[in-house]
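Chemist: coordinates only, no sequence provided:
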């Protein structure tokens, strides 16, 4: 019996990826507040950083697209997802204990990859060419984390020397564009690209692959 091909509408694929990224990134924002060494965040601060992490990149993406208000302000499901992800992280975050660093790294890698692909699919749905699509993918991926870092008093990670971050978003987004041009089904393009970005982020941390600083500290 012949297999029935699974066809996923591009807008449906984007929605699934966006919701997934929001939930993961919001959980990461809440855990960032819980583990912060310099500031003692209360529940308002934790949820604030969670919302910034989960929704910041998507809002920046939608503003750049200029197609009405950002989805985070018109679709209440986005807010529910962000608040839910933060609540789950705060409820179970204490159980991570010594594994908090690893949990944060896994959550960050997942959110980075998912958002990169979500932003790219969103751009393609609007008919943008490959380069603007990749740029919006990167913006979606790093925007929330950058806003979180600014609000928590640190330089955005994307601008500093360290393990691959924006490079991971570029890689995941680029993979999606190339696979899509190759004619693969949308769901296959998204799955492979998210996994590739996730793997690169973990590999960069495990093997300490880092970018170089333009100026050495004296």
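Modeler: Structure received. Predicted, not measured: the structure shown is a model, and the values here were computed from it.
Chemist: ok, residue 23 - how many residues close by?
Modeler: Residues lying near residue 23 (other CB atoms under 10 Å) number 24. Every C-beta, even on glycine, is put in place using the N, C-alpha and C of the backbone.
Chemist: any idea of the mean pLDDT in the helix or strand hosting it?
Modeler: Taking DSSP states H and E as the criterion, residue 23 maps to helix 10-35. Averaged over helix 10-35, pLDDT sits at 90.
Chemist: what is that helix packed up against?
Modeler: With contacts taken as 3 or more CB pairs under 8 Å, 6 or more residues apart in numbering; DSSP states H and E, helix 10-35 sits against helix 43-65, helix 76-92, helix 100-125, helix 130-151, helix 186-206.
Chemist: can you do 6 Å?
Modeler: In terms of contacts (3 or more CB pairs under 6 Å, 6 or more residues apart in numbering; DSSP states H and E), helix 10-35 is packed against helix 43-65, helix 76-92, helix 100-125, helix 186-206.
Chemist: want to try CSV for the ones you listed, with distance to residue 172 as columns?
Modeler: Shown next, in CSV, are the helices and strands packed on helix 10-35 (distance: least, CB to CB, whole Å):
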stretch, distance to residue 172
helix 43-65, 13
helix 76-92, 20
helix 100-125, 4
helix 186-206, 3
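Chemist: so which of the ones you listed is the most packed in?
Modeler: With neighbours taken as mean count of other CB atoms under 10 Å, the helices and strands packed on helix 10-35 reach their highest mean count in helix 100-125, at a mean of 24.
Chemist: so which elements touch it?
Modeler: With contacts taken as 3+ CB pairs under 6 Å, 6+ apart, helix 100-125 sits against helix 10-35, helix 130-151, helix 166-181, helix 186-206.
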